[in-house]
Structures are given as structure tokens and as C-alpha cells.
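*Asks:* Quick check, what structure comes out for this input:
(one chain, ligands or ions: 1)
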Amino acid sequence: MAIESPAKVIDGKSVAKQIREEIAVEISRMKDAIGVVPGLAVILVGDRKDSATYVRNKKKACESVGINSYEMHLPDNSTEEEVLHSITRFNEDPSVHGILVQLPLPSHMNEEKILNAVGIEKDVDGFHPLNIGRLAMRGRDPLFVPCTPKGCIELLHRYGIQIKGKKAVVLGRSNIVGMPAALLLQREDATVTIVHSRTKNAEDIIKQADIIISAVGQAHMVRGSWIKPGAVIIDVGINPVEDPNSPRGYRLVGDVCYEEAIKVASAVTPVPGGVGPMTIAMLLSNTLSSAKRVYNFH
Ligand SMILES: Nc1nc(=O)c2c([nH]1)NC[C@@H]1CN(c3ccc(C(=O)N[C@@H](CCC(=O)O)C(=O)O)cc3)C=[N+]21
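*Replies:* Below you'll find the model as predicted:
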């Protein structure tokens, strides 16, 4: 029997850095040629600590590549009308090429109504139903693809992992990750199965996968014994687990038991340092392509 070779770590952090460098070059080329700098507006409602951290990281990432960032921070008790009003303002502002409404919104707000208000040509999150609908249809193309699933596919491409003809299993069916990830894999000619909380024999199905994208939000749910030898694993989960040895009192782990997976799989994304940084890189990429599209600059 062949000796199993150790799995390759898919280094999202370093790929994301490389992508940011490529974006920075493009942005200065555009600035030199037509004097335009892309702009991203972020709307944050409420005081969730994790959301505030994510928004801060997004702004930092914008700065690092030369994208102008605009932040609208509204209090938790804002009305839906106030949020809709900020969206309208950014929709009409020509210096803004991308609008991101940080999720989750406070529970008294209608997420659907708010996301529908973002102009599809500025929908850099790719959450507008028209963009998702086009993603689902053959022969149609969305203006933007949701950042996290796009980052997963980009990692597979940059590591030279073939998707066409492969059996792919997506764990989770959320609107922001699982569902669009499955659609993207299908567009790349994989044969796709979605496993979710009501799936029977999830383990048996997962075990057949050549490619696994996991987005369920359950620490260490996928065990090494569930993985086909040589499979490729993209772990989207970012789950806090108690860790008295860590300065914050917790550390982040994926949906997949990394220590076990790395022994069976041919390639695995770590958490942190895997899909997370790619999500932000794709947001910058979507913002750049939005600005390019407006000015017909290529
Ligand atoms: N409208 C909207 N769009 C989003 O894209 C969106 C959102 N709302 N709400 C929240 C989620 C979450 N999300 C992450 C982005 C980067 C990391 C990331 O870079 N994580 C680092 C670790 C960060 C740490 O150590 O705390 C990593 O995985 O290496 C994580 C999570 C975007 N989201």
C-alpha cells in the first residue's frame, strides 16, 4: 500500500495577501489612467463586538489596497427607515462603488427588505436576490458573487485543484455561504450534494466527497473518519471554543477537526488563516470590479 503523503495546508492568509497586492496594483493603474479611486460603504447597525471587529478589519483592508472606505454606524434602536435612508444615500453617491450592510442586523429589522434596497450594481456582498438568481441560472451571470463562497473557489483555483467532474459536498445551506457555494461548484462542473441538519446518513455522503466545503458553524463536527483519503477540505466555520491558555479565553476552530483531517485529506484550510482572510480579499476584488464596470475600465 502506498504511504499516505501529508496533507497540504491551503494558506488562505498568504493567498489573500497576494490578491490584495494584485488589487493594489490595479487600483493605482486605474487612478493613474482615469483619476478614479474605488469606494466601499459599510453600514453597521448596533454594537455587536464581533461585527465591530469585522467592520474595522474591512476598513483596514480597504486602506491597505487604496480603496476609500465610508462607514455609517447606526445605533441598535434605529428604525428600518433610517437604515434604508443610508442605503439610498450610498446608492446615489457616485464615489461609492460598493455597499455592504453588516450582518446580522438587529432582530427588529427585516433583513430581506434591507438587502433588497442595495442597488444591484453596488451589491458587492452579492446578497441581492437578483444577483443570487442569476448565479443559479445557466447562461446568466451575476454582477457580484458572494465573497465567502467566491473565496473558497478562488483557493481551489490558486492551488490548482480541479473541480470539474468531482463530487463536491457542501455542508450547510445558508443564503450567504452554503447555498451560493453549492451553486458556484455546480457552475464549475462539479456534481454537488448539499448536506444539512435534516440530512440522513450525512457521514456516508460526506465520505464520498472529493471536495468538502463546510459552513455549518459547529466546532469540530466533521471527524477524520468522515473524510475520504485524498479529499480536499475547505473549512468555512469560525467557531469560538473555550481555551484558558489563550489570552482572550477562547480560540477559533473550524467545523472540521483539523488535527484529524490533515492526516487523511490531500489539502485542508486552517482556521484561522484559511477562508476568513479570503472573504475580505474578495470584498475588495468585488469593489474594484464594480468601479471598473462603472467607468468601463479594463
Ligand atoms: N454583510 C456581511 N458580509 C460579510 O462578509 C460578513 C457579514 N456581513 N457578517 C459577518 C461575516 C463574517 N465575516 C468574516 C470575514 C473575515 C473573517 C476573518 O478574516 N477571520 C480571520 C480570523 C479573525 C480573528 O482572529 O478574529 C481568519 O479566519 O483568519 C472572519 C469572518 C464576514 N461576514
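*Asks:* contacting residues around the closest residue to the ligand within the stretch 101-250 of the chain?
*Replies:* Per C-beta to the nearest ligand atom, residue 103 is where the stretch 101-250 of the chain lies closest to the ligand, at 3.8 Å. C-betas here are computed from N, CA, C, even on glycine. Neighbouring residues of residue 103 by C-beta atoms under 8 Å, 6 or more residues apart in numbering: 111, 176.
*Asks:* So it: helix, strand or coil?
*Replies:* Three-state assignment for residue 103 (DSSP: H, G, I helix; E, B strand; the rest coil): coil.
*Asks:* Now residue 171. Its backbone dihedrals?
*Replies:* Torsion angles at residue 171 (phi, psi; degrees, to the nearest 10) stand at phi -100, psi 120.
*Asks:* How many residues are close by it?
*Replies:* Neighbour count of residue 171, defined by other C-beta atoms under 10 Å: 31.
*Asks:* How about the backbone phi and psi for the nearest residue in space to it that is not next to it in sequence?
*Replies:* Excluding its sequence neighbours, the residue lying closest to residue 171 (C-beta to C-beta, 6 or more residues apart in numbering) is residue 214, at 4.3 Å. The phi and psi torsions at residue 214 (degrees, to the nearest 10) take the values phi -110, psi 120.
*Asks:* Now for residue 214, how many residues are close by?
*Replies:* When neighbours are defined as other C-beta under 10 Å, residue 214 has 29 of them.
*Asks:* surely it meets residue 172?
*Replies:* Yes: if you go by C-beta atoms under 8 Å, residue 214 and residue 172 touch, sitting 7.0 Å apart.
*Asks:* any residues in contact with both of those two?
*Replies:* Common neighbours of residue 214 and residue 172 (C-beta under 8 Å, 6+ apart) are residue 236.
*Asks:* Give the bridge partners for the residue nearest to residue 171, please.
*Replies:* For residue 214, the beta-bridge partners under DSSP bridges are residue 171, residue 235.
*Asks:* who touches it in this structure?
*Replies:* Applying C-beta under 8 Å, 6+ apart, we find residue 214 in contact with 170-172, 221-222, 233-237, 254-256.
*Asks:* got the residue ranges for the helices in the stretch 151-298 of the chain?
*Replies:* In the stretch 151-298 of the chain, helices defined by DSSP state H, counting those that start in this stretch lie at 178-187, 202-206, 258-264, 275-295, listed in chain order.
*Asks:* want to try a markdown table for those helices, with distance to the ligand and mean pLDDT as columns?
*Replies:* Supplementary listing: these in a markdown table, determined by distance: least, C-beta to the nearest ligand atom, whole Å; pLDDT from 0 to 100:
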| stretch | distance to the ligand | mean pLDDT |
| --- | --- | --- |
| helix 178-187 | 12 | 98 |
| helix 202-206 | 22 | 98 |
| helix 258-264 | 13 | 97 |
| helix 275-295 | 2 | 98 |
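*Asks:* Just put these in a markdown table and tack on mean neighbour count.
*Replies:* Listed next are the helices of the stretch 151-298 of the chain as a markdown table, based on neighbours: other C-beta atoms under 10 Å:
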| stretch | mean neighbour count |
| --- | --- |
| helix 178-187 | 22 |
| helix 202-206 | 15 |
| helix 258-264 | 18 |
| helix 275-295 | 23 |
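*Asks:* No further questions, thank you.
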